[in-house]
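> following is a predicted model, sequence given first.
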Amino acid sequence: MCLYYTSKIASKFQVPSIAFHGFSCFCLLSLHNVHSSKILDSITSDSEYFTIPGLPDKFEFTKVQFPVNGRGNENWKGIFEPIAEAERASHGAVINTFEELESCYVKEYKKVRKDKAWFIGPVSLSHQDEQDKAQRGNKASVNEYQCLKWLDSQELCNLCLPWKHQQCEASTIDRVGFGLRGIKQAIHLGLKRK
């Protein structure tokens, strides 16, 4: 979850937030287990190996080899802590993996997330050739009318769309607004200023 400030917006408007992870359950579970066990606090040397606790298989790393090695860099701490806090506060997580690929890690990560983890499979594998990859997102996979009909049939709720405006052009926001114009729901668009 890169837009960590959205968890506060979601909480304020009582909208469940969902985290998205583009990496594996093995990585997520490893990060969670190392953080929750505080094993890095007991490691005194950068060359000392430690075993990641609570994994179905044995994996050993040194502090330097571990992705978030806890070496005390305050700049990184200021980035990673709000992201981790927002992820813990989220309603669940969508992960870009599939259960058959890493079944034992999926099973354990689902326990960590209290079954609030959903696996969408490697998204990029759905497009095999370069032409498909180039046109990704240009064609709807569902009928617009069916989508609007389904949305209109849902109980009234709030929809919160976080947006980092410096990463998009006004025309992008216009297109999103145009696409949502038929929804009979309250929509809050959260923009973060520089």
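Nice, I can see it.
> from now on I want contacts and neighbour counts done on CA atoms only, so please keep to that.
Fine.
> and residue 77, helix, strand or coil?
Using DSSP: H, G, I helix; E, B strand; the rest coil, the structure places residue 77 in helix.
> next, count neighbours for it.
Look at residue 77: counted by other Cα atoms under 10 Å, it has 14 neighbours.
> cool, residue 42 as well?
The number of residues packed around residue 42, counting by other Cα under 10 Å, is 8.
> give me the pLDDT for it.
With respect to pLDDT, residue 42 scores 90.
> over to residue 37?
With respect to pLDDT, residue 37 scores 93.
> now residue 59
In the prediction, the pLDDT value recorded for residue 59 is 90.
> from residue 32, how far out is it?
Residue 59 sits 14 Å away from residue 32 when distances are taken as Cα to Cα, to the nearest Å.
> okay, these two: which has more neighbours?
Using other Cα under 10 Å as the criterion, residue 59 and residue 32 rank with residue 32 on top: 18 against 12.
> quick check: phi and psi on that one?
Residue 32 adopts backbone torsions of phi -60, psi -50, taken as degrees, to the nearest 10.
> what do you get for residue 38?
The phi/psi pair for residue 38 (degrees, to the nearest 10) reads phi 60, psi 30.
> who touches residue 61 in this structure?
Counting by Cα atoms under 8 Å, 6 or more residues apart in numbering, residue 61 touches 49-52.
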